[in-house]
Structures are given as structure tokens and as C-alpha cells.
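Student: next comes the sequence, and after it the predicted model I'd like to discuss.
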Protein chains: 4
Amino acid sequence: MSGGDAPANGDRPIAAPRHGRARSEKAHSAILAAACELLLQRGLAAVSMDAVAARAGVSKATIYRWWPSKETLALDALCDEWDVAAPVSDTGSLQGDLIGLLLPVARLASSRPYGRVIATLVAEARTDAAFANLYDSRFADPRREQARAAFLRAIERGEIPASTKTEVALDLLYGAIYHRLLHGHAAVSEKFVSDLVEVAMNGIAPRSAGR
Amino acid sequence: MSGGDAPANGDRPIAAPRHGRARSEKAHSAILAAACELLLQRGLAAVSMDAVAARAGVSKATIYRWWPSKETLALDALCDEWDVAAPVSDTGSLQGDLIGLLLPVARLASSRPYGRVIATLVAEARTDAAFANLYDSRFADPRREQARAAFLRAIERGEIPASTKTEVALDLLYGAIYHRLLHGHAAVSEKFVSDLVEVAMNGIAPRSAGR
Amino acid sequence: MSGGDAPANGDRPIAAPRHGRARSEKAHSAILAAACELLLQRGLAAVSMDAVAARAGVSKATIYRWWPSKETLALDALCDEWDVAAPVSDTGSLQGDLIGLLLPVARLASSRPYGRVIATLVAEARTDAAFANLYDSRFADPRREQARAAFLRAIERGEIPASTKTEVALDLLYGAIYHRLLHGHAAVSEKFVSDLVEVAMNGIAPRSAGR
Amino acid sequence: MSGGDAPANGDRPIAAPRHGRARSEKAHSAILAAACELLLQRGLAAVSMDAVAARAGVSKATIYRWWPSKETLALDALCDEWDVAAPVSDTGSLQGDLIGLLLPVARLASSRPYGRVIATLVAEARTDAAFANLYDSRFADPRREQARAAFLRAIERGEIPASTKTEVALDLLYGAIYHRLLHGHAAVSEKFVSDLVEVAMNGIAPRSAGR
DNA sequence: CGGTAATCGAGACGGTACGTCATGTCTTACA
DNA sequence: TGTAAGACATGACGTACCGTCTCGATTACCG
């Protein structure tokens, strides 16, 4: 989330503008807060810019000045909450690293109805290529990158072969999480995460595992 | 698609209408065709009921007469194309069954920009519970059920233990497919399907594989 | 006012549309009434389409369907009131005809604050050529044409020479009325009309008139 | 233009400011020039304060510091151009004086699209009483006063009777000019001015003229 | 000659209205 | 009764100005 520089998203400018009235920090955070609440309560489709402006006590023009669309705003509001997640440390084993990465996601995802919001953002990304880039770089890629790094460490440790199909494995792990999150057919519980990692690590029908 | 009975979706009524003008078969198929084309070309969000009506040479009232929302219409149009897939036979092995189930899906998904449409429908389902039921019963569940049946056969055959976490495995397999389809970060190629099934069956770090 | 045929202004269509819902007569007149009241109370600049829609109990879209701009609507509302003026008969003398034409205008103009409205419409006509045509054909020209006809009758009667500069005379008569109406420096009273016609007929310094 | 004392219009202050930065003469004239150009090119309605500020290379606050509204600014810009007209001398005859007064106005009015600007200012004056006073005192009254003085001289000379309805005559003369200027139905040519004065002086149907 | 104060550029802000668009309902006349 | 045509209320859209308000930087008079 940090480090933006242009009004392409809602990030604060780094270099101080020499002249002109300073950007209102109050308005900025009020907008994000209003967007977040409305988003989680009623979903992106039911949230209008007028409603966000009214609830934040802000004019529509101010929102449009900093966010080009309500999807961008929603992404910002979402990241505001999800990016507080603690950085995951190296646990020494791939399985431990994966659990350490996926469990916080599962806990966060279950805490409030984020599935609806993320589903809408994903749908929007399929329609708007520019937004897709933004979504990937701000939301999806960072998490996937952390998991990819865990796989690299496991290969360096010799825990898994260098020929491991890392990308497929990543799709398999995150895909399952997203699947439950977006389709809503089952909860993204902590039990699910541990089962998921176990099955993914050992396979559906483990050759050695007795039974 | 068959078997509907009420105008809750676009299915034809079973009992013959008692009197009055008969339902126009031409209008029905023209609407579905128009919806399908517009949907794949520009996405659900960019397709209005007016546009469908105009392209189908039909009045808006006729569409609303048979479909309660444009999401329902889109689902009907989608199923029209996806339900032609051949029923998969029993190959004798779980891996063969899974390939047989997932490959046609991958081929279909790659043939046209269905990812965008499905993403929108999934997002809508998260907002509208009634539509979620419809989506599951018409689109998602049938496929998942076929795969679940394959797992049951494998258990009966003794190919995998009865304690196999089938639901987790299903999420893992379909989740990966949906992940690429909805997020669009990589193609749902035939190679991906075979890799996916292999990794899912044997695990990321197969015990027997070299270390 | 009558006889329009296109939605270029708010007139009713002549030929009945064969299909479709009939235009709401209630909405039509409610819009004109609301526009007229707001117009006279607060002037065109202070009247928004939203306000007209709200007061008429009508949606903005309905207004825009029949009137392309609020100026067009204002012109329609104005003509609705001014076109009820009785057609002027031939009095047998130019002076009588002119009085007969100008007095009703003066009475109408003084009855309510039309000056403000007409001033705004005139200003708009100077900016928008299309509106200028509409304004002329619906409001200005008909009155001027009646006066021009009176001059022609006077020439035919031999009351004034054929060389009379009719157009200059018309500008002189109507110009004076408009001048007071638009600039508001003095009232358009009945006395003013009779003085105006007298001075215009005989000249500022009548050669024969004793005093 | 001179003689102002307060920032009610754009005039320069008389008394020297005690201290502080002096008013920028460059900004002042740049604003007037920018306003004038935009005004004549596109009309007052299409000219925004932002546009004037941008074109003048000036901040909006600076404009509002000296002009309370864009109408006031436009009036200032207009007077800047119209007040350069030479003061008219006493020609010895009423007709000569009137020609001497009206001809420069006609020439100026025809030189550029002032009609549009004046029409807008007149309309604004009908809505805003304070602006009406400003418009009259800065633009309309001075000219009318000169003509009124010519009538007084003519009465003193015995050229016209003391009972002459001067105000009606003034409305008749200036009304005709304004009529063509604001309604745009015919040009304010030099020929028109001479015809106008002749008809106004002698009447539409001069008693002495042939019949 | 340093302090005080009005001015200027830049531009963010709350607000209001704009004109357009899509949804879902309703009405009318035809088939 | 089903349908094409289309008018309608509703409400959000994204834009454009308005007039106000901070900012920091620039002058100039004045003590």
C-alpha cells in the first residue's frame, strides 16, 4: 500500500507540493472509513459515490480527485485493512511457512464479509485491464510473492526438489482459499487451512501414509 | 437447462398455456443469443437490458417477463453453451476421471472470455442469495458433483482411503481452475490441467520423488 | 404555439404514435406549470431542472425527453401564457391597430415579472443560434408580423406612403417596449404605450402640431 | 471607469494603502484582457472564473479579491472598451447631436459581438438588483444622460417644445438600437442610425411628406 | 533594516446542478 | 394472452463551476 506517488490511487503524495492548500488528511481517512463500512455492509454494487460522500461528510469532487473510480476506492479501503497483517517470518519448514501465510488470511477473510467485496473487485479486474494491474500489484501479488519466496527457501534448504512446479502449487493453495472465499460454499476456517496445506503437501492419496 | 417449471428462470413452461398468444420461441432464442454475444464481447456490466432487447429485436418487457434479472439471463446464456459438454465416463482411475472432467472445462474456458462473465456471476451471487442458489444448482454444483462421484468410485475401488478429505480435494482442484479463470494471471491450458492433477494427487513434495 | 411535430420543443405530436405508452398529459402540463411558477418567482438562472422535476412530481429524464434544455422549456412555458392574447382586429387606422397590438403586450408584461425571463431568453438566443431560431419563430416574429401587416394595410389604404420605412418603424416601436421591459428603468404602462405610438407616428418634433 | 473607491468593482483604490504588498497592475490588466477576449469569443455563460484565471496566469482568489462576481468583471471589461468613445460636442441641432451620439455606439456595437455580452449583463441586472445599479451607473445611464442633455439644449434653443416627451423619445431611440443589438434580427448599421433618427424626428407618417 | 502586513500563485475543498444512462414498471395497441 | 413500442419514476453516474479556504512565497511600507 505504501509508496504511491500519483493520484492514480488514493495514496498520499511523497514530495510535498510547494504551493497550494495541503490535502486534507481528515477527508482522506473519512472517505476510506466510509467506503469500508458501506462496502462491508452492503457490497460494492449497492454503494454509490454519493453515499460515500454523504457519509464521509465530503464532496463527490474530492473523492473523484483522488480515486478515479469506486472500484479503486474500494481496493484502497480493502488494502487499508488487509495490509496490517504481520510480516511472516521464516519458520524453517515449507509447511510451517505456508500455514503462517495462509492462516492470517483465513482469519481475516472470516472476520467480516470480505468475500463479497473481493469477488466484485476480481470481476471488475476482468473488465478493466488497468484496474487489473492495480489489483494485482496492491492486493494479490504481494501475498503470492511471499508464498513463492517460501517455496524458494524450501528448495534452497533441499526440502523440496528444484523441479517443483511452484506456480501450480501456488494456484492450488491460493486457488482453494479464494474458491471458498468467492463462492461461499464453505467457510475458510482454520481447520480448512491446515487440511488444505496437508493435502497439498502430501497429495490426495499419499503413497506412504498408511490407512 | 431442461426441467424448469416456473418463470423463475428462462425455461419453457411444461403445461401448455390454456389460451392467448403462444410464447414466441423465436424471441426466446434471440434473447439468449443476443445476451450471449454481448456478454462475451463486452462483459455483463457493459450490457444493458435495452441493448439486449434492441439486438434481439425484442421489447424489454418480454425479457423481464421470462427472466427476473439480467444476471439470471446471463446465467441462462452461459449454461446454454457450457451444458453441451459431454458426460464423462468412468475411466477406471481417479486421475483419469479428474483429467476427463477438468480438461473439457479448461478447453471451454479458454475458448472465449468466459472468465469475465463467470467472475461477474460469482460476484452477484455473493450479493444476492437467491441468485447464489440458482448459480450453484445450474452451474457450479453439477460439475462438482461429478468430481465428487469420481472420488466415491475411487474409494469404493480402494484406490484411495475412505478417510480422504474429498471436499478439501475438490476445493483444491476446482479452486485452482477457478483461480486462473477468475484472476486471469495465467492461462487455463491443458498442460496446467495435467500438472494440476499430478501435483494434487501426489503432493507438492512427493515422498517417493527424488530429494 | 400549436403545430409542432418533433420533440425539438415540448409540443404534442400530431400524428398518433401507433404503439407504445401514450405521453402523459398530466406530466406535460405539470412540467410547464412548475417551470412557469419557478421562472417568474426566481428567474431562469435560479431554476434548476432538478427543482422543476421535483415541483412537477416528475423525473428529470421525462423533462429531457421533451425539452432539450431549460431555456427551451422556459420558452414553452412563457408562450403558454402569452399566446392566449386575443387576435387583434383591423381597426381601420394604423394608430388604432398599433395601440391594439401593443396595449395587450404592455398589460401582460406589467402583470408579472416577465422582463427578467425574456431578458434571459434573449441572452440565451445570442449564444445559441438554434435557440435563437426557436425564440424568433415562437415568440418574437409572430407579434412583429402582426404589426408589419398593420403597416401593409395602412399603405394599401393610402394612410401612409409606400416608401415608409416599415422595418425601422417596427424596431422603433417594439424596441421601446422591449427597452423598458428588459432594462427595467421605467414601467411599461398604458400611458407609455399611447405616448409611444403618438410620438412614433408624429415624430419627436411634430411640424404641424401646435405643442 | 475612474473614480471607484471600494473593491465593489475592479477600480483602483485612491488612497495609498498604508503598507503591504502593492496591488499588481500586471495581474489587473491581464484579468481584464483575458475576460474581454473570452467574453467576446464565447459569451459570458461559457466563461468560467477558472478559465479567466488560467488564461490570465492568475489565481482565482486574486480575481475574487477585486471583483465580487464574473458579471461585475465582465462589465468592467466591457466598459474598458466602450468608454474610450469620444465625448460628443454640441452640433447645434438635435438631429445632429443624436447622430453624433448614436453613430459611435452603432459602430462600436457592430465591430465585435458585443450584443451577446450586453444581453447577458442586462439579464443579470434583472435578477440582481445591486448589479442593476452598477450596470446603469457605469454603462447605460451615462449615454442616456448625454442624449437627455441634447434634448434639453434643443428645448432651450426653441428647436422643440418644452412639452416634448423626452423620456419617451429616449426610449424610442435607444430602444431601437438595443432592440437590434440584443435581438440580432438586423444589423446596427450606419444607415439604420440615420433612418432611425429621421423617422423618430419626423414620425412614421410625416404630415408634410407626400401622401 | 528588520518586522509587519497585504498581495500573489497554486490548488484543495464543500456544494450544487448538470445532462446522461440503466433499471424495472406500466400503458397502449396490435396479433 | 403475448408481444413490440415506448413513456415513466428512480437514482447513480462523472463533470464542471462556484465561491471559500489554506498554503508558502513575494513584495513594500514603516518603525
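Tutor: Thanks, I have it. Residues are numbered from 1 along each chain as shown, chains lettered A, B, ... in the order given.
Student: the helix or strand where A:Leu39 lies close to DNA strand E?
Tutor: Counting by DSSP states H and E, the secondary-structure element that holds A:Leu39 is helix A:25-42. Yes - shown here: helix A:25-42 in contact with DNA strand E (C-beta under 7 Å from any atom of the strand) through A:Ala27, A:His28. C-beta coordinates here come from the backbone N, C-alpha and C atoms, glycine included.
Student: and the next helix or strand after that helix with DNA strand F, contact?
Tutor: Remark: after helix A:25-42, the chain's next helix or strand is helix A:49-56, criterion DSSP H and E. Yes - among the residues of helix A:49-56, A:Met49, A:Asp50, A:Ala51 lie within reach of DNA strand F under C-beta under 7 Å from any atom of the strand.
Student: would the next helix or strand after helix A:49-56 count as contacting DNA strand E?
Tutor: Past helix A:49-56, further along toward the C-terminus, the next helix or strand under DSSP H and E is helix A:60-66. Yes - in this structure, helix A:60-66 sits against DNA strand E according to C-beta under 7 Å from any atom of the strand; the contacting residues are A:Lys60, A:Ala61, A:Thr62, A:Arg65, A:Trp66.
Student: now do stretch A:138-158: distance to the chain's middle.
Tutor: Computed by C-alpha atoms, centre = their mean, to the nearest Å, the separation of stretch A:138-158 from the middle of its chain amounts to 15 Å.
Student: kindly report the same for stretch A:66-83.
Tutor: Relative to the mean C-alpha coordinate of its chain, stretch A:66-83 is positioned 11 Å out (C-alpha atoms, centre = their mean).
Student: who's in contact with the host helix or strand of A:Val105?
Tutor: Assigned by DSSP H and E, A:Val105 belongs to helix A:94-111. Residues lying outside helix A:94-111 but in contact with it, judged by C-beta atoms under 8 Å, 6 or more residues apart in numbering or on different chains, are A:81-82, A:85-86, A:88-91, A:114-115, A:143, A:146-147, A:150-151, A:153-154, A:159-160, A:173, A:177, A:181, A:187-190, A:192-194, A:196-198, A:200-201, B:204-205.
Student: what do you get for stretch A:137-144?
Tutor: Taking C-beta under 8 Å, 6+ apart as the rule, stretch A:137-144 contacts A:1, A:9, A:75, A:78-79, A:82, A:101, A:105, A:121, A:170, A:174, B:183, B:185.
Student: swap in 7 Å and give it another go.
Tutor: Residues from elsewhere that reach stretch A:137-144, judged by C-beta atoms under 7 Å, 6 or more residues apart in numbering or on different chains: A:Met1, A:Leu75, A:Leu78, A:Cys79, A:Val105, A:Leu170, A:Tyr174, B:His183.
Student: hang on, the earlier thing: can I get the buried part of the residues of helix A:60-66 next to DNA strand E as one ChimeraX selection?
Tutor: What follows is the ChimeraX syntax selecting those of the residues of helix A:60-66 next to DNA strand E that are buried according to 16 or more other C-beta atoms under 10 Å in any protein chain shown:
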select /A:62,66
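Student: how about the residues of helix A:60-66 next to DNA strand E in TSV, adding pLDDT?
Tutor: As requested, the residues of helix A:60-66 next to DNA strand E are exported to TSV (pLDDT from 0 to 100):
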residue	pLDDT
A:Lys60	97
A:Ala61	97
A:Thr62	97
A:Arg65	96
A:Trp66	97
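Student: right, is stretch A:58-75 up against DNA strand F?
Tutor: Yes - when contact is scored as C-beta under 7 Å from any atom of the strand, part of stretch A:58-75 falls within range of DNA strand F: A:Lys60, A:Ala61, A:Tyr64, A:Ser69, A:Lys70.
Student: just the residues contacting that stretch, thanks.
Tutor: The set of residues that contact stretch A:58-75 without belonging to it, under C-beta under 7 Å, 6+ apart, is A:7, A:9-10, A:27, A:30-31, A:35, A:39, A:44, A:47, A:49-50, A:52-53, A:76, A:117, A:121, A:124, A:131, A:134-135, A:138-139.
Student: please save the CA atoms from that stretch in CSV.
Tutor: The C-alpha coordinates for stretch A:58-75 follow below in CSV (Å, rounded to 0.1, in the frame of the first residue of the first chain):
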residue,chain,number,x,y,z
VAL,A,58,-17.2,15.2,1.9
SER,A,59,-18.0,16.4,-1.6
LYS,A,60,-18.1,13.9,-4.5
ALA,A,61,-15.5,16.0,-6.3
THR,A,62,-13.0,15.4,-3.6
ILE,A,63,-13.4,11.7,-4.0
TYR,A,64,-13.0,11.8,-7.7
ARG,A,65,-9.9,14.0,-7.4
TRP,A,66,-8.1,11.2,-5.7
TRP,A,67,-9.8,8.0,-6.8
PRO,A,68,-10.7,7.5,-10.5
SER,A,69,-13.5,5.0,-9.7
LYS,A,70,-15.3,3.5,-6.9
GLU,A,71,-13.5,0.2,-7.5
THR,A,72,-10.2,1.9,-6.9
LEU,A,73,-11.5,3.4,-3.8
ALA,A,74,-12.8,0.0,-2.6
LEU,A,75,-9.4,-1.5,-3.3
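Student: buried ones in that stretch?
Tutor: Within stretch A:58-75, the residues that qualify as buried are A:Val58, A:Thr62, A:Ile63, A:Trp66, A:Trp67, A:Pro68, A:Lys70, A:Glu71, A:Thr72, A:Leu73, A:Ala74, A:Leu75, counting by 16+ other C-beta under 10 Å.
Student: mind checking pLDDT for the third one?
Tutor: By that I understand A:Ile63. We have a pLDDT of 97 for A:Ile63.
Student: so it versus chain D, what's the distance?
Tutor: When C-beta to the nearest C-beta, to the nearest Å is the yardstick, A:Ile63 and chain D sit 20 Å from each other.
Student: now A:Val197
Tutor: From A:Val197 over to chain D the distance is 58 Å, taken as C-beta to the nearest C-beta.
Student: and that residue, how many neighbours?
Tutor: Other residues within reach of A:Val197 by the criterion other C-beta atoms under 10 Å in any protein chain shown amount to 23.
Student: cool, and the one 5 residues further on?
Tutor: A:Asn202 is flanked by 19 other residues according to other C-beta under 10 Å.
Student: quick check: it touching B:Gly203?
Tutor: Yes - with contacts counted by C-beta atoms under 7 Å, A:Asn202 reaches B:Gly203, the gap being 4.3 Å.
Student: backbone dihedrals for the residue in chain A that DNA strand E sits nearest to, please?
Tutor: Distances between chain A and DNA strand E by C-beta to the nearest atom of the strand are smallest at A:Gly20, namely 2.7 Å. Geometry field for A:Gly20 lists phi and psi as phi 90, psi 160, criterion degrees, to the nearest 10.
Student: pick out the residue nearest the middle of chain A.
Tutor: A:Phe139 (3.8 Å; C-alpha atoms, centre = their mean).
Student: quick revisit: filter the contacts of stretch A:58-75 down to the buried ones.
Tutor: Judged by neighbour count, with 16+ other C-beta under 10 Å as the criterion, the buried members of the contacts of stretch A:58-75 are A:9-10, A:27, A:30-31, A:35, A:39, A:44, A:47, A:52-53, A:76, A:117, A:121, A:124, A:131, A:134-135, A:138-139.
Student: rewinding a little: if any of the contacts of helix A:94-111 are buried, put those into a PyMOL selection.
Tutor: Only the buried members of the contacts of helix A:94-111 enter the following PyMOL selection, criterion being 16+ other C-beta under 10 Å:
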select buried, (chain A and resi 82+88+114+115+143+147+150+151+153+154+159+160+173+177+181+188+192+193+194+196+197+198+200+201) or (chain B and resi 204+205)
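Student: just the ones of the contacts of helix A:94-111 in strands?
Tutor: Using DSSP state E, no member of the contacts of helix A:94-111 sits in strands.
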